[in-house]
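Undergrad: 3D, please:
(chains A and B)
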2 protein chains.
Amino acid sequence: MKLTILGCYAATPRTLTNPTAQVLEIKNETFLIDCGEATQVQLRKSKVKFSKIDHIFISHLHGDHLYGLIGLVSTFMLLSRTNDLHIYGPKGIKEIITLQLRLSNSWTNYGLFFHELESERSEVVYETDKVLVRTIPLRHRIYTNGYLFEEKVGEKKLNVEAVKRLQIPVYEYQNVKNGKDVTLDDGTFIENHRLTLEPDAPKSYAFCSDTVYHEALLPIINGVDVLYHESTFLESEAALAEKTMHSTAKQAAAIAHQANVKQLILGHYSTRYGDIGLFEAEAKTIFPNVHLADDGKTFEF
Amino acid sequence: MKLTILGCYAATPRTLTNPTAQVLEIKNETFLIDCGEATQVQLRKSKVKFSKIDHIFISHLHGDHLYGLIGLVSTFMLLSRTNDLHIYGPKGIKEIITLQLRLSNSWTNYGLFFHELESERSEVVYETDKVLVRTIPLRHRIYTNGYLFEEKVGEKKLNVEAVKRLQIPVYEYQNVKNGKDVTLDDGTFIENHRLTLEPDAPKSYAFCSDTVYHEALLPIINGVDVLYHESTFLESEAALAEKTMHSTAKQAAAIAHQANVKQLILGHYSTRYGDIGLFEAEAKTIFPNVHLADDGKTFEF
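TA: Residues are numbered from 1 along each chain as shown, chains lettered A, B, ... in the order given. All right, here's what the predicted structure looks like:
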């Protein structure tokens, strides 16, 4: 599981900082999460292949999470995309994109599907045999969802040493990974557990931005491997965080601690602070395993 | 008159090239012309004061001329703008901006006025005692206007040497500039023309992007000081220019020549060409006074 931070600063794009967008690569799928202005430029800088993005998840309709989407949809047209593109986001997102396409007389040459959200409860929005994505209802000034990405338990792994020693034919390997026992030509019966190792533990990633301190999300994100939680402010601006329905670094850490997550990544920093190290220091007073997002940074789990 | 090129490349924003946007400073007014994605970042890089922009002119509703507008409107809110903002552009532009503001529950704290255009004829869209702006109907795949910015004839200039030699009292200076004759206390009568110089010749700037080769614009731009004309392609791609309703460098130069303009600036280059010097070389075969726009470049006339 690889996370690329394209942008992680609040409010407006600036010369050196970008609004929210990230790419999550998990089980060979590439998901784009939020799409602030000029995300397509950040994608190019990070050398993410445009053609690998088939699913885009938008948290809410504030500009610093959205205004790059129409440009990306248009650029996909210019790049002669043929794959379907699926966009998940709050009700209204379809009208925003299609109005602009209609008025520019530009229709996509690929399938463009909108999955509009309006539930206040967590719901599964995407599922394959390898990955499941569900919403994390957040509390912000407008309707907002985070997203939880969970790998499913994979197939068992071949115990390479054992299959060689017991001379299992190669054509049986997939059956073994699927959990089957093996009977050799000479009648020897070998139980599956002797030939396999348990699959890697499935990983999970929770994206929570933007939100006020909100304990209702604890059961949904409990025990995730990695939590990205917004920390627009420091605790010294707690009143401002409450008023604008954002969180402080300390509050993000309190959520991470109570949800028993393994790692916390902070982001969505207000640009009023010169040094983002302040966010890490504040969060670490509550929760030890803290990382700082920054534009262009990648994390591998 | 000062022109700052924020972006002058066709189609999509890339790591090193930006879509169309320019700032024209004329008679102490600052006009933004077109607003491709991430124009606000380019404004910051060029150190243009956001608060000086009160009028934005949009040529057409293709994304590479428009997608930065909603972000700029939003950033003006965050910057606590109070001045009215006027946006001139094709019918539909108001719906695009207000839909996004409504769905993000974000209303401007400043007056936001839309001047929607749908005429096929040139019309005056802005006028003060110093500057006049009129549309230049262009021919492109969708409804498109260029804009002609004209200084008005200014007041006469004081002949500093003459007013000192003839001992004209300082309180008469403004009257002299307004064209009045002067009678001194000793009865001496001095005609105005002895005390003044003719005002600077008024300057004019024509912005023409995007358009196919279109002779109908010749009478509107005849004799302008500076013509910016798109040259998306070279003559080797003339058929593609015709098909996509863009111009070649040679065609831009032919327009400049026939319209008797003083200087031609080329821009809106397709990124297929590695060297924009090719555009200059091609145009100079038809018209000598050619300049190349480039992102971040400024021109003073």
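Undergrad: can I take it that A:Ala216 is in a helix?
TA: Yes. A:Ala216: assigned to a helix according to DSSP: H, G, I helix; E, B strand; the rest coil.
Undergrad: is it in contact with A:Pro137, as I believe?
TA: Yes. Look at A:Ala216 against A:Pro137 with Cβ atoms under 8 Å: they come within range, at 7.3 Å. In this view, the C-beta of every residue, glycine as well, is placed from N, C-alpha and C.
Undergrad: which one's more surrounded, these two?
TA: A:Pro137 (19 against 12; other Cβ atoms under 10 Å in any protein chain shown).
Undergrad: mind giving me the packing neighbours of the helix or strand where the more buried one lies?
TA: Assigned by DSSP states H and E, A:Pro137 falls within strand A:131-138. Contacts defined by 3 or more Cβ pairs under 8 Å, 6 or more residues apart in numbering or on different chains; DSSP states H and E place strand A:131-138 against strand A:124-127, strand A:144-151, strand A:204-208, helix A:218-221.
Undergrad: span of stretch A:117-136 from start to end?
TA: By Cα to Cα, to the nearest Å, the extent of stretch A:117-136 from end to end equals 12 Å.
Undergrad: now it: buried residues?
TA: In terms of neighbour count (16 or more other Cβ atoms under 10 Å in any protein chain shown), stretch A:117-136 has its buried residues at A:117, A:122, A:125-126, A:131-136.
Undergrad: pull the distance from the strand holding A:Pro137 to the chain's centre.
TA: 9 Å (Cα atoms, centre = their mean, to the nearest Å).
Undergrad: can I get the helices and strands packed on strand A:131-138 in CSV with mean pLDDT and distance to A:Lys27?
TA: Listed next are the helices and strands packed on strand A:131-138 as CSV, based on pLDDT from 0 to 100; distance: least, Cβ to Cβ, whole Å:
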stretch, mean pLDDT, distance to A:Lys27
strand A:124-127, 98, 12
strand A:144-151, 98, 6
strand A:204-208, 98, 12
helix A:218-221, 98, 20
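Undergrad: switch the ones you listed over to a markdown table; also include distance to chain B.
TA: Shown next, in a markdown table, are those (distance: least, Cβ to the nearest Cβ, whole Å):
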| stretch | distance to chain B |
| --- | --- |
| strand A:124-127 | 19 |
| strand A:144-151 | 11 |
| strand A:204-208 | 19 |
| helix A:218-221 | 25 |
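Undergrad: in three-state terms, label the residue of the stretch 151-300 of chain A found nearest chain B for me.
TA: Nearest residue of the stretch 151-300 of chain A to chain B: A:Thr271, at 10.5 Å (Cβ to the nearest Cβ). What three-state DSSP gives for A:Thr271 is coil.
Undergrad: same deal with the one 3 residues further on?
TA: Look at A:Gly274: counting by three-state DSSP, its state is coil.
Undergrad: quick check: residues of chain A near chain B?
TA: A:11-15, A:37-38, A:40-41, A:44-45, A:61-63, A:66-68, A:70-71, A:74-75, A:78, A:90, A:92, A:95-96, A:99-100, A:103-106, A:141-142 (Cβ under 8 Å from any Cβ of the partner chain).
Undergrad: now which of those would you call buried?
TA: A:11-13, A:37-38, A:40-41, A:44, A:61-63, A:66-68, A:70-71, A:74-75, A:90, A:92, A:96, A:99-100, A:103-104, A:106, A:141.
Undergrad: about what we covered before: among the residues of chain A next to chain B, which are located in strands?
TA: If you go by DSSP state E, the residues of chain A next to chain B have A:Pro90 in strands.
Undergrad: can you tell me which of the residues of chain A next to chain B end up in helices?
TA: Here DSSP state H is the test, and the residues of chain A next to chain B give A:40-41, A:44-45, A:70-71, A:74-75, A:78, A:95-96, A:99-100, A:103 as lying in helices.
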